[in-house]
Structure formats: C-alpha cells, structure tokens
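Chemist: What follows is a protein structure lacking sequence information:
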C-alpha cells in the first residue's frame, strides 16, 4: 500500500491518495464538519472509449456500450443495487460521461454498509441475454427522451459537424440501432478490461476516515488482476465535416450553437483548458461587450453562453443561445471574435475574469459531491484536485493572448440551428 | 439558530456557516399571490438584477461582482402555496479566502441593500429601455415553456388542477399583461413590495452585530404589513378531468394531480412525507420499482407531495402506446398501498432515506436556507432534527390513512 498526502496552501486542506495492494486507488478527502459523505467509484471508460486493446487484443465496440454497462453493473444475481442501497438509506445513482463511468452514493449514516454495496456491485458483473434485451428497451426510452431536448440535439449537431472520426460526436447513450448490437459477451469483455481494481478509483469526501475506506476495500476482497488496457486515440483531421445544418422541432425560439474545432497537438493540457475558460468568459460572459449588446438589442436572452468543450484529445469552443434572429447572432459572434483577436485581451479584462475564476475554484471545495467528483476528474487526467488552483496562479496575460490567436478559426466552424416547426 | 424580529414584519436569521467556503445572504419579500400583479412581479426581479445607483448598468454591475471574486447575485420570483416570494440572494467566498484581505461579507451586505433600496430610476419610474428589454425576455420565457416537454406537461396539468386559485397564479405572469406594464406602474409595485410585505432575511455567515444593525437601519420606519402570510388552501375534489394534448414529440408525457380531501394535521403532514416517498419518491418506491422496472412501462415515474397546496403530483415519460397503461398503473399502485400490504421493511427503508436527506440539509448552503425559509412561510420553526423524530414515529396505519385522503382530480396527457 502506498500513500500520498496532497496539500493546498491556499485552502489549508489536504487529502490522501492510497494505492492499495489490489491496485485500486482510494482518495479520502476528510470534511469532518459535514454530516454526510459523497462516494464515487469510477472507471475511465466513457462513451468515447470505443477502440481499445486488452492484453494486446484489439476491440471496437458500438456507440453506447459504456452507458449500457453502467445500467447493467448496478444489477447482480440477487437483485439490483438500488434495493440494497434502500436498506442503508443511501441515495445512490450512476452516470456515464464522455470519458468516464461513475457509481455514486450520498449518505449520512450506515456509510460502511453502503461502501460494501458500492464496491460489491460494480465489480461483480452479471449479464444474461434476457436482462440485456430488457435494458435495450429501457435505454431506448432514455434516448428518446433526449431526442426531444433541443439543447442536446444542437450540441450533437455541432459535434457531428466538427468531427469526422472522433467518437465524441456520438450520443453518450448511443442510438437505438447501436445498442441493439450489444451482447452479454461484449459487456463481460468491457467489464473485464475497465472494471478491474487497477483501472478504478474510489473517491470519498465528507465525514469519513482513511481507515474506513481501506477496511471497506479489504472487505471487498478484490484480487489484483492485471490487464494491459490501451485506449486508442482517434485519428482526427483538422478540417470539419460540415459548416452549417439545421433541424425543426416543437420549440418556441430558434436555438443556435456555433462550434469551433480547436487544434490539438497530442494531449490537451489543464492549462489550455483554464486559459480557454478565461477567453470564453471574456468573449461571451456577463461582462462582455458581445453579451451586453446582444441582450439589450433582444438578439439573445439569458440562455446565451460560451463553453470550452474539451477532453484528453478533443478541444472545441461552443457559443450557443436562443435567438429570434440566428443569422444576426452568428454574424455578431464572428464580428466579436474578429475584434477580440485583433485587439487582444486587456490587462483589466484578464484580471477581473481571473478574480472571478479564483472565487469559483474555491467554491468547488465547499460541497462533498463536488470535491469527490473533482478528485476523480483530475485523477484520470493525471492531476491532483488542487492542480487548477496551482496552474491558475501562473497564467499570464501573454499566455492568454497567445492561445487566443490560435482559436476561433472560421474554416473550422459549424453552425447548427434548431428552428421551431412553423419556421 | 435564532430568528429575531428587527423591524415590523422583518425577521433576521443567522444560519451556521462554519462548514462552507462561502457566505450567503438572502432577503425574501412575501406577498399574496395576486393575479393582477403576477406579471409585474415576474419582471421586477430581472429588472433589479441589472444594477443599481452605484453600478448603473448590467456590464458595470457584472464587473463589480466578478471583482468580488465572482460573487453570485440573483433575484427570483416563486410561488409558495397562495404566496409569492421575491427573493434576492447573494453569495461570495469568505473573507479568509480573499487574496487581498477584503471584507467581502460587508461588501455583500452593501450591494444587497443597494440593489433593494437604490434601484436605477428615471422620471419617477424604472428605466423604460431596460424594462422593455426585460418584457421581451419575459415573453420569450413564457413562450419557451414548450421547449422542455416534461415541465410543459406538468405546468398544463397544474393549470387545470388549480384553476383560478391563488395557488395557480402563474409564476411568470401572463402574456396579455406584459404590454400593459409601464415604468411608473412597475415602480409603484416595487415601492409597495418594499414597504408592505413580510420580509425574511437569512444570513448564512458568522453572527455579526454590524450586519444586523445595517439591516435594521435599512428597514427602519416600516409599518406592519397589511396582510399575513397566507395559509394552505386545498383544492376541492372534482370528477376526474382528463385532458389530452397532441404534440410531435418522441417520448410522451403524463401527469396526474391529486388533492387531499381535507387539510392535514401536523402528524399527518409527516405521515404524508413517508407515504409519498414510498409511493413514488425514491428509487425503491412502488412507482419506480413496479411501473418502471417490473412493467417497463416508462422511463421515469415519480410522485411528489406539495404541503403548501395539499396536492400530490405524479409524472411520467412514456412510449405513446403505453400512455393509458401508465395512468392505470399509477392509480393501481396507490390503491394497493391503501388497501394492500405495506411491509415494515419498506417503511423502515423509506424512513432511512428520509432521515439521511434530513441530516444532509445542514451540508448545503442553499438547502439549509430553503429549509428555514419554508418553515417561516409555513409558520412553524421546526429543525430537520425535530422532523427526524416525527418521521421515525410514523406508522403503517398513518401511511394508509393519509394516502386514503388523496383524490384524483386531473389527468394530463401529452402525446403524438
């Protein structure tokens, strides 16, 4: 067992990272004044991980397997996890994102018993043809629910426009067709690859001790299985698939998203991500000239926002919002981009945005759920949870203006609009 | 924690903040939920959020907030039973985390009071240009209700259920009233709100006499409010009214509204807390386990009881062809609870979930404040710990009895 203590001078807090003998990593962030805890048991297997090798053998899986597996892992031969968690009173759930799958619970009592349930379910896969078929129906319903969401459709419309091959363009849940290809064998293989202790982290924040977590892992009796798993990065050209597309939906106002495919050399770093956040805030946030002008001329409403959408090997900037005049909105966004790129960001703009971002980073350490989840996010990127606070201090105006020059290339831009039916 | 009266109808409560990184202040103005003023009360918060005399435009005010380490300021309007609550909230990091040693908490109080008592005005009214912009935004928001299908179905069911009761006066007001609002009428509405309302101030920060003094001075000279906080009004029982709306959507939606046959006693309120959770409030509830998991009739199916209006809502996302089956199944599950077996295990497990969530109330800034604001509106001052004891005492028979008080008034379907 190896233990590492990670400290923050700014927050005057610390947490421990323990590599257990079975290979599982434990993160323990004590917040003793809180009544409860939040636990996340996670694997770096998300919707984008569709091509990988396990001990040298190559696999390619259809869209939606990670999410499907998430649904099925909370079920074993003696019932489902929710029934077991009901006995401890914990509030349990699970979710799949682009780059990970997380099994979570929050509780204020019976913590040890809930940890046992969490650790036992996720590592004891149980799939039959019948249960897989039943789940195809349930997930089919979930996919349909998202089909009615304009913001979801527009996001994936932009991603499909920006990416030729990268699997980030596919819905996390897959499609009714892609999940129809899923078999119990495929699920067992993915579980074997991504759910062995060495591939996972148990991150807990709140009223908890290290010993409780170490004991829980010992009780789980994991064996150290060693699989060599390599997640393949996708070859993605610099250019885009299409520059413009639209759909019609039963909505009241057009919803438009303008996405820019940013250049990625190798792996996207945390610093690039934070700089992107500062730039997009200055360009589109509540203090920006663009937002204030568009809001007061009724081109946009409070739904207008800019975000950096990035993972290990993809990086895009997406500006979106409802607008009665999507063409005008797009042209105003382009003009604002031309202006900011020409003039650069000023020291004052940079200082104010950085100040606000510092505040939001401190706030991330207030709540047990945020802390436990952030540890997982950063761990999978090879960082500590305090990494952003540290990197952030070193970012200069020159760094920001230098990255700005490389961003928002109009040749790598997709505009996707959902119009109301009547239009 | 102590709730103290600092001026006529103005109460101040300090809530414990030691576990948080932020301080939070909220000032809530509580008035009867009148239809005539609903639209003005919807425009008012968004207009006041734009800035005040010291920071007299949206951009300058946003810069000020960013300079305060990204402090959040928001103004909202909500409906709680027969009452409307206009709430101004600010939260910002604690002084100990400020890089340059600022007293951010004191600044937060000043900003809050500035927004509330010194809004930007012109010619005896609010700034006309700002108001026109916010009217457009309100119109878009009301018309945009259709964009989120689950909420849209619930709102339509709710409209049918509440009819013309104050409970049902729209949170966002009415499209037809938007154009009638003038800057001076809105300013008069604002002045009346400030001077004639019940005010609840909640400060989640270390107790501080200077903060108390500032609030007391700001609200000095107030007369007693001309109205009390309005009590729970329950809807009368009706024949089941079924409505069906057609829309080109991928997943259908269903919403059912039940009313209680008579007002609940205090003990019955706690029994209903447990009963609604067993029925459809948890992942091991009857609706989740039977309607979603066993019968695979829907993607979600949940029940929620609203003590401020004595109503139970059940809503579900369904395949279009399963719509009628879900409506039947939802009623059958309720009948089974009332007339069939409820195991002690089921009751104990549900209580455990509730006890966990009651313990967790103290772990979140927002949840803690919302808890005590609701208590103030309800006219009780019960802590989560006291409710825990009440929940633990609920019996199987009490659960059956309160569920037996439910009567189905409205079914709303949104399908192809």
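Modeler: Okay, I see it. Only a predicted model underlies this, so the values are computations on that prediction, with no experimental measurement involved. Numbers count the residues shown, from 1 in each chain, chains lettered A, B, ... in the order given.

Chemist: Pick out the residue closest to the middle of chain A.
Modeler: Geometric centre of chain A, nearest residue: residue A:97, 4.9 Å, by Cα atoms, centre = their mean.

Chemist: Disregarding flanking residues, what is the spatial nearest neighbour of that one?
Modeler: Once flanking residues are discounted, residue A:97 sits nearest to residue A:46: 5.4 Å by Cβ to Cβ, 6 or more residues apart in numbering or on different chains. Where C-beta positions appear, they are placed from N, C-alpha and C, glycine not excepted.

Chemist: do residue A:99 as well
Modeler: Nearest one to residue A:99, counting by Cβ to Cβ, 6+ apart, is residue A:46 at 4.0 Å.

Chemist: go on, residue A:141?
Modeler: Nearest one to residue A:141, counting by Cβ to Cβ, 6+ apart, is residue B:299 at 3.8 Å.

Chemist: residue ranges with poor pLDDT in the stretch 151-300 of chain A?
Modeler: Filtered on pLDDT under 70, the stretch 151-300 of chain A yields no residues whatsoever.

Chemist: ok so, going back, give me the neighbour count for the residue nearest to residue A:99.
Modeler: Applying other Cβ atoms under 10 Å in any protein chain shown, we find 25 residues neighbouring residue A:46.

Chemist: which ones are touching it?
Modeler: Listed by Cβ atoms under 8 Å, 6 or more residues apart in numbering or on different chains, the contact set of residue A:46 reads A:66, A:96-101, A:172.

Chemist: Same list, those, but as a markdown table with distance to residue A:255 and secondary structure please.
Modeler: Formatted as a markdown table, these follow (distance: Cβ to Cβ, whole Å; DSSP: H, G, I helix; E, B strand; the rest coil):
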| residue | distance to residue A:255 | secondary structure |
| --- | --- | --- |
| A:66 | 27 | helix |
| A:96 | 25 | strand |
| A:97 | 22 | coil |
| A:98 | 21 | coil |
| A:99 | 26 | coil |
| A:100 | 28 | coil |
| A:101 | 29 | strand |
| A:172 | 20 | coil |
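
Chemist: Could you look up the SS state of the residue nearest to residue A:141?
Modeler: For residue B:299, the assignment made with DSSP: H, G, I helix; E, B strand; the rest coil gives strand.

Chemist: now swap in the one 10 residues further on and tell me
Modeler: Here residue B:309 takes the coil state, with states given by three-state DSSP.

Chemist: What is the nearest of the contacts of residue A:46 to residue B:164?
Modeler: When the contacts of residue A:46 are ranked by distance to residue B:164 (Cβ to Cβ), residue A:172 comes first, at 43.9 Å.

Chemist: Quick check: the closest residue to that closest one other than its chain neighbours vs chain B, distance?
Modeler: Leaving aside its sequence neighbours, residue A:172 sits nearest to residue A:47 (Cβ to Cβ, 6+ apart; 4.2 Å). Going from residue A:47 to chain B by Cβ to the nearest Cβ, to the nearest Å gives 19 Å.

Chemist: Equivalent analysis for residue A:299, please.
Modeler: The gap separating residue A:299 from chain B is 10 Å, by Cβ to the nearest Cβ.

Chemist: Any idea how many residues pack against residue A:400?
Modeler: Per other Cβ under 10 Å, the neighbour tally for residue A:400 reads 21.

Chemist: cool, and residue A:244?
Modeler: Neighbourhood size, residue A:244 [other Cβ under 10 Å]: 11.

Chemist: still on that earlier bit, correct me if wrong: the residue nearest to residue A:172 contacts residue A:66.
Modeler: Yes. The pair formed by residue A:47 and residue A:66 meets the contact definition of Cβ atoms under 8 Å, at 5.4 Å.

Chemist: which of those two has more neighbours?
Modeler: For residue A:47 and residue A:66, the more surrounded residue by other Cβ under 10 Å is residue A:66, and the numbers stand at 26 against 23.

Chemist: Could you give the backbone dihedrals for residue B:26?
Modeler: Dihedral angles phi and psi of residue B:26 (degrees, to the nearest 10) take the values phi -130, psi 140.

Chemist: Over to residue B:2?
Modeler: Main-chain torsions, residue B:2, degrees, to the nearest 10: phi -110, psi 140.

Chemist: Grab the nearest non-local neighbour of whichever residue of the stretch 301-416 of chain B sits closest to chain A.
Modeler: Closest residue of the stretch 301-416 of chain B to chain A, Cβ to the nearest Cβ: residue B:352 (2.8 Å). Excluding the flanking residues, the one nearest residue B:352 by Cβ to Cβ, 6+ apart is residue A:89, at 2.8 Å.

Chemist: now swap in residue A:124 and tell me
Modeler: Nearest non-adjacent residue to residue A:124, counting by Cβ to Cβ, 6+ apart: residue A:76, 5.1 Å away.

Chemist: Output the set of residues of the stretch 101-250 of chain B in proximity to chain A.
Modeler: Neighbours of chain A within the stretch 101-250 of chain B, by Cβ under 8 Å from any Cβ of the partner chain: B:129, B:133, B:136-137, B:140-141, B:143-149, B:247-250.

Chemist: could you pull out the helices for the stretch 101-250 of chain A?
Modeler: Ranges of helices in the stretch 101-250 of chain A, per DSSP state H, counting those that start in this stretch, are A:111-122, A:129-147, A:150-162, A:176-180, A:184-194, A:210-220.

Chemist: any chance of those helices in JSON lines, plus distance to residue B:387 and mean neighbour count?
Modeler: As requested, these are arranged in JSON lines below (distance: least, Cβ to Cβ, whole Å; neighbours: other Cβ atoms under 10 Å in any protein chain shown):
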{"stretch": "helix A:111-122", "distance to residue B:387": "22", "mean neighbour count": "22"}
{"stretch": "helix A:129-147", "distance to residue B:387": "34", "mean neighbour count": "16"}
{"stretch": "helix A:150-162", "distance to residue B:387": "37", "mean neighbour count": "22"}
{"stretch": "helix A:176-180", "distance to residue B:387": "43", "mean neighbour count": "16"}
{"stretch": "helix A:184-194", "distance to residue B:387": "42", "mean neighbour count": "18"}
{"stretch": "helix A:210-220", "distance to residue B:387": "28", "mean neighbour count": "17"}
